[in-house]
Structures are given as C-alpha cells and as structure tokens.
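> Quick one: sequence and predicted model below, then my questions.
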Amino acid sequence: MRIASVGLHHGEEPILVQSSGSGTIFFTGCSLHCPACQNQDISQARSPHGVVVTVEQLAAIALDLERQGAININVVTPTHFAPSIAAAITLAKEHGLSIPLVYNTSGYESVESLALVDPLVDLYLLDIKTVDSEVARLWCGSREYPEVIMRVVRWLAERRLVTEIDENGALTGTLVRHLIFPGTFSATMQFLHWYANTFASHSWLSLLTHFWDPTDGRRSFVLSASQYAQLIALLKELGITRGYLSDPYGASRWIGDLV
C-alpha cells in the first residue's frame, strides 16, 4: 500500500471529528480519476507521493492514531488497497484497536471489493457524486459512474438498514456525501429525488455546496441565493432532514435545523 498522509483531521462532518479529530489515512491513488479532484496531487494514477507500507505497518499506524486521541480510523480512497486494509485493521484489532473504522470512498466500487471490508466497517462515508451520466462524464471521468453507484447502494441497503449514533456517540451505517458541481443544480435536484426514494431511510446525507477550482486553487459557493432556497425547500418537501448542508459561508449546518 502507498500512504500519502496520516493525521488527526478536523475537516470532516462534525460528528466524525468532534473535539479530538478523525484519524485520517489518505491513500495514494483512487479508483476514480475526477478531472477536478481537490486531492489530485495524490489521487491521480501513478502519483509519486506517499510512502509504501506493509500490512503490519498500517496496523501500527492505526493503533498510534488511537493513542493520539482519534475517535475513528478514516481510510480515504481505500478501494484499490481493500484486501490489505482489511488485513491491517484485523491485525490492529487483535492488538487492541477499539475505535470505529470509517470507509471513505468515491463510490466507484465493486460489491466484491466492499464484501472484503464490510465486516470491519462501522461507517461508510460514501460519495454519490451524481446519478446523471453526462455529469458523470464531465466531472467524474466515467459515464458509467451512476450505474456503478446504484449497484453499490442496492448492496449497502441490504446490509446497512439504519444509520444511527451508537452508545459511544459514534455514527454507524452510511453517511452519503454529494458535492454540487458548478452548473449542475438540476442534476442535484434529480439526485435528491432519487436519494429520497431509494436510500434516505438507510442513511444520513451531507450536501457540499463549495467547489474547489483546480485552475486557480480557489473554493467558492456554487449556488445562487435562489438556488440555495430551492434546495432547502426541496429537502423539506422530500422529508430529508438527517445530515448536514454547508451554508454560503462554508459552515456545516444540520439539515433538520434548516428545513
């Protein structure tokens, strides 16, 4: 495995970081190569960044993150190393790892790959970037992405019946992330109808409204005031209240408080 960075991360949704931070392990490479990835220096094919680690070393890294106070182990873009990650987390648990595992994925997965790690995963942090094939072609580099994500959702829906906070205050189940790409507001509205009808009862939702532009390195709010109001109105109409929505200033707001 090749790891690009390790540390306590405070940039995830509030419930995933709390006061201590998420024990985040960024892997080099990704199963999906989006043209505008905010982590493109480490995610693109053949990226030279990162260090090679063994199963035993990854297990030690996870244990060290727990000792530092991490509230979970958050493996980011893990798909292409799934068998080794499963072996490492199993080994870490044998040596006392007790915090949850967050599987942080683009959603461009095979269900066979997910089956390797599923017994170890407490929370899937699952991107659903779009259910529109043209948006997928432009922004994800894969026109088949919607077809792939629908297979993943069907598979998860059979295994993760509910998403809830456990007795230790950790979120378990599935937290779906949806980034609104510039100029794709109608596709997001389409996604929300699909989500409400297929997966909302199983998961929480995190809607991200700020886009990082790789051409100038700036992050900006992608919606007009009217579109933001329409978005909140649709969430209310569809009964989607569990999860987070970033506001025009970048703060992560609880959807239930907005609708």
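Thanks, I have it. Numbering: from 1, shown residues only.
> buried stuff in the host helix or strand of Ala59?
Assigned by DSSP states H and E, Ala59 falls within helix 55-67. Under the neighbour-count criterion of 16 or more other C-beta atoms under 10 Å, helix 55-67 has Val55, Leu58, Ala59, Ala60, Ile61, Ala62, Leu63, Leu65, Glu66 buried. (Glycine included, C-beta is placed from N, CA and C.)
> for the fourth one, what are its contacts?
It refers to Ala60. By C-beta atoms under 8 Å, 6 or more residues apart in numbering, the residues touching Ala60 are Ala92.
> got it, and the fifth one?
Under the criterion of C-beta under 8 Å, 6+ apart, the contact list for Ile61 reads Ile3, Val6, Ile25, Val53.
> now the third one
If a contact means C-beta under 8 Å, 6+ apart, then Ala59 has Ala88, Ile89, Leu91, Ala92, His95, Leu97 as its contacts.
> The fourth one: which element?
To tie it back to what came earlier, the one meant is Ala92. Residue-wise, Ala92 maps onto helix 82-94 under DSSP H and E.
> Flag the shaky bits of this structure, pLDDT-wise.
44-47 (pLDDT under 70).
> swap the cut-off to 50 and go again
For the chain, no stretch has pLDDT under 50.
> The closest residue to Ala196 other than its chain neighbours: how many residues sit nearby?
Nearest non-adjacent residue to Ala196, counting by C-beta to C-beta, 6 or more residues apart in numbering: Leu238, 4.0 Å away. Counted with other C-beta atoms under 10 Å, the neighbours of Leu238 add up to 16.
> So Leu238 is in contact with His193, correct?
Yes - the criterion here is C-beta atoms under 8 Å, and Leu238 meets it with His193 at 7.0 Å.
> Please give the centre-to-centre distance between the helix holding Ala92 and its chain.
20 Å (C-alpha atoms, centre = their mean, to the nearest Å).
> wait, doesn't Gln40 sit right on Asp213?
No - look at Gln40 against Asp213 with C-beta under 8 Å: they stay out of range, at 11.8 Å.
> Comparing these two, which residue is more hemmed in?
Gln40 (15 against 12).
> how near is the residue lying closest to the more buried one once chain neighbours are set aside to Ser43?
Using C-beta to C-beta, 6+ apart and skipping the chain neighbours, the partner closest in space to Gln40 is Pro214 (6.4 Å). For Pro214, the distance to Ser43 equals 12 Å [C-beta to C-beta, to the nearest Å].
> can you list residues touching both of the two?
Cys37.
> more crowded one of those two?
Taking other C-beta under 10 Å, Pro214 and Ser43 do not tie; Ser43 has more neighbours (23 against 14).
> Now do the contacts for the more buried one.
If a contact means C-beta under 8 Å, 6+ apart, then Ser43 has Thr28, Gly29, Cys30, His33, Cys34, Cys37, Thr77 as its contacts.
> got it, and Val102?
Neighbours of Val102 in contact, by C-beta under 8 Å, 6+ apart: Leu16, Ser22, Asn72, Ile73, Asn74, Val75, Val121, Asp122, Leu123, Tyr124, Leu125.
> returning to that earlier point: save the buried residues of helix 55-67 as TSV, and put in distance to Val148 too.
As requested, the buried residues of helix 55-67 are exported to TSV (distance: C-beta to C-beta, whole Å):
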residue	distance to Val148
Val55	27
Leu58	26
Ala59	30
Ala60	33
Ile61	29
Ala62	28
Leu63	33
Leu65	30
Glu66	33
